[in-house]
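Chemist: got a predicted model here, sequence first, then my questions.
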Amino acid sequence: MERNAHNRVREILSSRTEVRALIRKANQDAVKRSRATLLGKMLERVAPCFRRFGYDPRDMRCICDPVDYVLFDGLTVDRQVREIRFIEVKCGRSRLSAVQRSVREVVDKAKVYNETWEIGDPDIPITKQLPPPSRRALPSGR
């Protein structure tokens, strides 16, 4: 059986038309996969605009990686956020990546926190806290 496989490979490699056909088919498959990937990425971006999506698209913020969107439900109309959701859009046969699954697990375990970082001195205007602009020497006119 191994000998037959080696002989078949030699036949294919010696036949230019068969090699060209294999290359052409591989190129066509690559183009098909590329188009499917690009279409999927485009659909991910427009998904919030679909009527059946169920949320106000203005409440969505696209972050793209590691998930597609963060939803702040109620933000636009009520100016009061009722809930926050991480949303990953998938098309066709695509599945969650390992990182996306880990995000889902962390959210499911309620290990999501809020932090506020305060910088600078609140008693001094921010413009006074910025460093002065650098003064670079201008080139001489030689």
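Modeler: Received it, and whenever you're ready, just let me know what you need. Model, not experiment: these values are computed from the prediction. Numbers count the residues shown, from 1 in each chain.
Chemist: touching, Ile12 and Leu22? I think so.
Modeler: Yes - applying Cβ atoms under 8 Å, one finds Ile12 in contact with Leu22, separated by 7.2 Å. C-betas here are computed from N, CA, C, even on glycine.
Chemist: residue ranges with poor pLDDT in the chain?
Modeler: Applying pLDDT under 70 to the chain flags the ranges 51, 136-142.
Chemist: which stretches in this structure count as helices?
Modeler: Listed in chain order, the helices of the chain (DSSP state H) span 2-14, 16-46, 75-78, 98-108, 126-129.
Chemist: mind checking which of the ones you listed is nearest Cys62?
Modeler: Closest of the helices of the chain to Cys62 is helix 16-46, at 7.2 Å (criterion: Cβ to Cβ).
Chemist: helices or strands up against the closest one?
Modeler: Helices and strands touching helix 16-46, by 3 or more Cβ pairs under 8 Å, 6 or more residues apart in numbering; DSSP states H and E, are helix 2-14.
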